[in-house]
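>>> Predicted model, plus sequence, below.
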Amino acid sequence: MKFRLFPLLGLIVLTGAGAFAHGNKKHVTGTLEKINADSVVVKTADGKSVEVKLAAATAYVSRVDKADKPAKVSDLAVGDRVVIHATPKGETLEADEIKFSPASSAHTAAPTAKKSGS
């Protein structure tokens, strides 16, 4: 009976640790609306604009072809989809990590005319 209790107890501890892994971190998800020297503004799905401060320690990750690649702030562009992990600092949010993917080419490319067959 003891040997069955240990795996169950371990599972409970691991599940609880995962639930608190982000602590007081906030997630901001949406589309980059504005890029400033020290912050970015994200338009969220509910239409709100959220400003997130950039720090020297902010990590940038680009998602290209289903793979994450290291990036830099200069790789960000207005229209990119982002998920930002941020730490509240008083009334502001400071980015710990910004994961982004370029705006879909399907949304930015001009539509092409279809040929009609006779």
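All right, it came through fine.
>>> buried residues in stretch 68-86?
Under the neighbour-count criterion of 16 or more other Cβ atoms under 10 Å, stretch 68-86 has 71, 76, 80-86 buried. Heads up, the C-betas are built off the backbone N, CA and C, glycines and all.
>>> Identify all contacting residues around it.
With contact meaning Cβ atoms under 8 Å, 6 or more residues apart in numbering, stretch 68-86 is reached by 22, 25-35, 40, 42, 52, 54, 58, 60-63, 93-103, 108.
>>> In a markdown table: the buried residues of stretch 68-86, plus pLDDT.
As requested, the buried residues of stretch 68-86 are arranged in a markdown table below (pLDDT from 0 to 100):
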| residue | pLDDT |
| --- | --- |
| Ala71 | 95 |
| Leu76 | 96 |
| Asp80 | 96 |
| Arg81 | 95 |
| Val82 | 96 |
| Val83 | 96 |
| Ile84 | 97 |
| His85 | 96 |
| Ala86 | 97 |
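>>> Mind checking which of those land in strands?
Counting by DSSP state E, the buried residues of stretch 68-86 place 81-86 in strands.
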